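Student: sequence-free structure coming up:
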């Protein structure tokens with residue numbers, strides 16, 4: 001089975017939920033503690049053995065690729081002034097240019113279209129897709145768990161989680177054929193179904209491993225929910241010749257595409273940092289006390 005060497009990062013969105021902060025700054029560059037969201041996504045890919053990173057971006061979002069290019073002047077200045085830890089942090093988010101690729105999504109036509117825009121850079125091999133909005137805190141990288149599952153079952157895969165039934169209209173939902181608690185084989189997929197017609201509550205989050213044959217389906221440019229080209233629809237139509245499995249991943253997912261999810265992730269990642277945990281606990285306790293006093 002072909003190894004997964006490439007990962008596609010759809011990062012062309014305008015980040016309207018975070019305006020005005022994202023008017024000039026790409027949403028993916030918003031800091032989660034002291035690292036941009038895209039940095040966590042790239043780190044996850046690299047720890048999972050990904051060799052080439054493909055950014056599907058938009059005009060005005062050049063900062064995303066620039067973040068990962070070398071800045072020797074900055075590193076030298078940090079080292080000269082005794083800030084070696086910061087210098088190493090900058091170097092850790094630097095990658096060789098030959099590993100970085102980008103392409104432009106000229107029109108916002110949906111996630112499926114964004115992935116289709118990377119077809120020439122992906123070529124004829126299976127590949128990963130990572131949505132930086134979904135940040136997963138885990139011992140094993142989430143996309144690495146999918147790559148491991150791909151080695152066992154092949155086909156198309158996505159990370160999945162159960163959601164409250166009232167939330168199914170916000171996700172791609174599996175019509176489950178078999179489920180062993182870790183892998184769920186689907187007979188079908190439905191994009192954003194109403195709760196009363198959703199075939200299950202097992203929903204797709206922003207991690208995929210896809211066969212290159214998905215591009216043939218996306219090339220048809222059929223629109224679905226929201227008038228957009230949906231990757232869920234393309235995977236559903238591919239099930240007749242390419243099996244689909246949902247992977248129940250290990251970890252905690254934060255929806256950083258929403259303000260409340262971004263705030264929760266900031267607290268969680270700060271609490272997970274030895275240099276910040278105690279201070280963050282004190283801050284939270286101080287606000288808890290203030291709110292309790294006000295309520296009384």
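Tutor: Nice, thanks for sending it over. All values reported here derive from a predicted model rather than from experimental measurement.
Student: what sits against the residue lying closest to residue 219 once chain neighbours are set aside?
Tutor: Once flanking residues are discounted, residue 219 sits nearest to residue 116: 6.8 Å by C-beta to C-beta, 6 or more residues apart in numbering. Quick note: C-beta positions are derived from backbone N, CA and C, even for glycine. Applying C-beta atoms under 8 Å, 6 or more residues apart in numbering, we find residue 116 in contact with 215, 218-219, 221, 229.
Student: Could you tell me which of the residues you listed are located in strands?
Tutor: Secondary structure defined by DSSP state E assigns none of the contacts of residue 116 to strands.
Student: Out of those residues, who's the most crowded?
Tutor: residue 218 (25 neighbours; other C-beta atoms under 10 Å).
Student: Report pLDDT for the closest residue to that one other than its chain neighbours.
Tutor: Among residues not flanking residue 218 along the chain, residue 116 sits closest, at 4.0 Å (C-beta to C-beta, 6+ apart). pLDDT, residue 116: 95.
Student: can you check residue 24 too?
Tutor: Residue 24 is assigned 89 on the pLDDT scale.
Student: Could you export the contacts of residue 116 as CSV, including pLDDT?
Tutor: Below are the contacts of residue 116 laid out as CSV (pLDDT from 0 to 100):
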residue, pLDDT
215, 95
218, 93
219, 90
221, 86
229, 88
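Student: Distance to residue 51 added to these, as CSV?
Tutor: Output for the contacts of residue 116, formatted as CSV (distance: C-beta to C-beta, whole Å):
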residue, distance to residue 51
215, 20
218, 23
219, 26
221, 30
229, 28
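Student: which one of the residues you listed sits closest to residue 198?
Tutor: Each of these was scored against residue 198 by C-beta to C-beta, and residue 229 proved nearest at 21.5 Å.
Student: ok, the closest one touching residue 105?
Tutor: No. Using C-beta atoms under 8 Å, residue 229 is not in contact with residue 105, being 10.9 Å away.
Student: shared neighbours of those two, anything?
Tutor: The overlap between the contact sets of residue 229 and residue 105 (C-beta under 8 Å, 6+ apart) consists of residue 113.
Student: Now the spatially most central residue of the chain: closest residue in space, sequence neighbours ignored.
Tutor: Geometric centre of the chain, nearest residue: residue 131, 2.3 Å, by C-alpha atoms, centre = their mean. Of all residues not flanking residue 131 in the chain, residue 206 sits nearest, at 2.8 Å (C-beta to C-beta, 6+ apart).
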